[in-house]
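K.L.:
Predicted structure and sequence below. I'll ask about it afterward.
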Amino acid sequence: MKKVLAIAAVAALTAGVSAYAANPFSDVTPNDWAYQAVEDLSEQGVVEGYPDGTFKGERNITRYEMAQIIARMLAKEDQLNAEQRATLDKLAGEYADELANLGVRVSNLEKKVGNIYWSGDARMRYQNNATGDDSWNGRMRINVKGQVNDSTYVQGRLNATMDFKESEDDSDVQKESEDDSDVQFDQLFANHDFGSVATVRLGRQPVAFGDQGGWLYGDTFGADAAQVTFHAGQKVDLTAGYGRFNTSDYDEGVEDQDAFYARGAADLNVAKLGVDYIKFTGDKEADTVAGYELMGANLTIPVQDFRVFGEYWKNTTYENGNDTAWNAGIGYGKLNLKKPGSFAIDVAYNDVDEGVYFGGTGLQTDALKYLTKHDATNVTFWNAMADVTLQKNVFLHGEYAFDVSADNADMNDKDAWTVSLNYKF
């Protein structure tokens, strides 16, 4: 304890603490929210605490002692889940002065102005398409998050895309005019947390299904929807929503159709399980998704650095027989944007019928457009993808769709590939 106080005293004398800052030696009691938050993280095995590896949860500590505990958690932030990182960000904001005096930089706080947080990403991508012209395009997205109070925030995103090469098939860059660039506000939603029990979102928000980044639907334009998620501890989430999906490769019949959707996901450590349900409103009509009912299930099994995964979907209301979709694959490694040289590779076999796919895949190769643009009733293909961190927050992404086979298509089946350089900030 004497050693901790000595270090804190030297830091206070050399850093020039403002007279209006909180006293670094004032007590943080077990009744304070920060103390309770750290205690909760300690119970989850996150907190290293004192040199003996414990958190003394039964007595008062100083703000500098608390800052030291937070600093140790910041050092392994990449190992935390989303909820733990959110708690850590809040703690770091509360003890920003003490962390600064200890020489700890908090990058998340440096992006904060008042109650506004900024982040974004940029991408330069070349696509060798199977169903259209090759494309070369760029994209920049700016996220802004306004923290209204401890339980509520509002988030939006500005999306700017540019086509560097004239193309007859420019849907991949999400253009709505004949210009070679487009700027739009593509996300805006309010998020309210009811403690750790439930989360409600209203507005245009990201929506994805399955555990593969949205294999059949995972476009980040998501849906204009009202959505509620119930949290059963750290391992189980149940989500239900109602609204309209915002992206589809079909020219009509999807974006103007209301739908109810539900998802369930459970992390059992030895496996991740998920189920999905989508029900489009209205009576069944030809050439539309009205009345469609789709059910899906997914499974991912981690085996050390490997993972085996698969997904299955069925349209229970489609009458023409082509009503299922499935894939199965294997992956290795894990991408970490803070660790140059880290990488992840995956390869999967895909078999998709027209009765299941309604546009909006998270894949960046375009083999599934044989269904939406060229009247195929089934398409099968292998898809390989790889990501590697080149520098901190800079990574290279590549995908290759091969052995593509589409029935009833009006053009020869072709392989497709894409490569992109991506930046996070």
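P.N.:
Looks like it arrived, so ask away.
K.L.:
The most centrally placed residue in the chain - nearest residue in space that isn't next to it in sequence?
P.N.:
Against the mean C-alpha coordinate of the chain, by Cα atoms, centre = their mean, the closest residue is Gly213 at 7.7 Å. Spatial nearest neighbour of Gly213, excluding adjacent residues (Cβ to Cβ, 6 or more residues apart in numbering): Gly362 at 4.5 Å. The C-beta positions use only the backbone N, C-alpha and C, and glycine is treated the same way.
K.L.:
While we're on the one you found, how confident is the model there?
P.N.:
For Gly362, the pLDDT comes out at 88.
K.L.:
For it, give me phi and psi.
P.N.:
Per-residue torsions, Gly362: phi -80, psi -10 (degrees, to the nearest 10).
K.L.:
what's the distance between it and Ala96?
P.N.:
Counting by Cβ to Cβ, to the nearest Å, the gap from Gly362 to Ala96 is 36 Å.
K.L.:
So Val212, which state does it fall into?
P.N.:
Val isn't right for residue 212; it's Gln. coil (DSSP: H, G, I helix; E, B strand; the rest coil).
K.L.:
I figured it hits Leu299, correct?
P.N.:
No - when contacts are counted by Cβ atoms under 8 Å, Gln212 is not listed as touching Leu299 (10.8 Å).
K.L.:
More neighbours: which of these two?
P.N.:
Gln212 (22 against 15; other Cβ atoms under 10 Å).
K.L.:
Provide a list of residues in contact with the more buried one.
P.N.:
Gly218, Asn298, Phe309, Glu311, Asn327, Ala348, Gly362 (Cβ atoms under 8 Å, 6 or more residues apart in numbering).
K.L.:
want to try a markdown table for those, with distance to Ala34 and secondary structure as columns?
P.N.:
Formatted as a markdown table, those follow (distance: Cβ to Cβ, whole Å; DSSP: H, G, I helix; E, B strand; the rest coil):
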| residue | distance to Ala34 | secondary structure |
| --- | --- | --- |
| Gly218 | 37 | coil |
| Asn298 | 38 | strand |
| Phe309 | 39 | strand |
| Glu311 | 41 | strand |
| Asn327 | 45 | strand |
| Ala348 | 44 | strand |
| Gly362 | 38 | coil |
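K.L.:
Of those residues, which is the nearest to Ser135?
P.N.:
Gly362 (17.6 Å; Cβ to Cβ).
K.L.:
For the closest one, grab the count of nearby residues.
P.N.:
Going by other Cβ under 10 Å, the residues that sit close to Gly362 add up to 16.
K.L.:
Same check on Gly331?
P.N.:
Gly331: 20 neighbours (other Cβ under 10 Å).
K.L.:
That one contacts Asp346, doesn't it?
P.N.:
Yes - at 3.8 Å, Gly331 and Asp346 qualify as touching, with contact defined as Cβ under 8 Å.
K.L.:
Now for those two: what residues contact both?
P.N.:
Shared contacts of Gly331 and Asp346, counting by Cβ under 8 Å, 6+ apart, come down to Phe309.
K.L.:
quick one on the thing from earlier: now, among the contacts of Gln212, which is nearest to Arg139?
P.N.:
Taking Cβ to Cβ as the measure, Arg139 lies nearest Gly362 of the contacts of Gln212, at 14.9 Å.
K.L.:
Next up, the contacts around Lys329.
P.N.:
Quick fix: residue 329 is Gly, not Lys. Val308, Phe309, Gly310, Asp346, Val347, Ala348, Tyr349.
K.L.:
separation between the third one and Asp415?
P.N.:
Between Gly310 and Asp415 the computed distance is 23 Å (Cβ to Cβ).
K.L.:
tell me the SS of Ala67?
P.N.:
Per three-state DSSP, Ala67 ends up helix.
K.L.:
Likewise for Lys90?
P.N.:
Lys90 - assigned by three-state DSSP - is helix.
K.L.:
Is it in contact with Ala37, as I believe?
P.N.:
Yes - Lys90 lies in contact with Ala37 (Cβ under 8 Å); the separation is 7.3 Å.
K.L.:
so for stretch 77-90, what's the average pLDDT?
P.N.:
79.
K.L.:
and for it, what are the contacting residues?
P.N.:
Taking Cβ under 8 Å, 6+ apart as the rule, stretch 77-90 contacts 37, 40-41, 44, 46, 70, 73-74, 108-109, 150, 196, 234, 336, 338.
K.L.:
Most neighbours among those, which one?
P.N.:
The most neighbours of any of the contacts of stretch 77-90, using other Cβ under 10 Å, belong to Ile70, which has 26 neighbours.
K.L.:
quick one, phi/psi of that one?
P.N.:
According to degrees, to the nearest 10, Ile70 has phi -60, psi -40.
K.L.:
again with Lys338
P.N.:
phi -90, psi -10.
K.L.:
and it, what does it touch?
P.N.:
Contacts of Lys338 (Cβ under 8 Å, 6+ apart): Asp78, Thr389, Lys392, Asn393.
K.L.:
wait, which of those is closest to Ser405?
P.N.:
For these, the closest approach to Ser405 (Cβ to Cβ) belongs to Thr389, at 34.1 Å.
K.L.:
so what's that closest one up against?
P.N.:
Per Cβ under 8 Å, 6+ apart, neighbours of Thr389: Leu335, Asn336, Leu337, Lys338, Lys339, Pro340, Gly341, Ser342, Phe343, Phe395.
K.L.:
pLDDT check: weakest of those?
P.N.:
Within the contacts of Thr389, pLDDT is lowest for Lys338, at 87.
K.L.:
Distance of that one relative to Asn101?
P.N.:
Counting by Cβ to Cβ - Lys338 and Asn101 are separated by 24 Å.
K.L.:
Same question for Ala367.
P.N.:
55 Å.
K.L.:
Could you identify the most distant pair in the contacts of stretch 77-90?
P.N.:
Asp150 and Asn336 (29.9 Å).
K.L.:
In the chain, where is pLDDT below threshold?
P.N.:
Across the chain, the ranges flagged by pLDDT under 70 are 1-27, 45-59, 103-114, 166-179, 219-221, 250-253, 286, 409-413.
K.L.:
Break it down into its domains, please.
P.N.:
Domain ranges of the chain: 2-110, 117-424, per automatic domain parsing.
K.L.:
Could you say which of those domains is packed most deeply?
P.N.:
Ranked by mean neighbour count, the domains of the chain are led by domain 117-424 with a mean of 17 (mean count of other Cβ atoms under 10 Å).
K.L.:
what about that domain, how long is it end to end?
P.N.:
Chord length of domain 117-424, first to last residue, is 15 Å (Cα to Cα, to the nearest Å).
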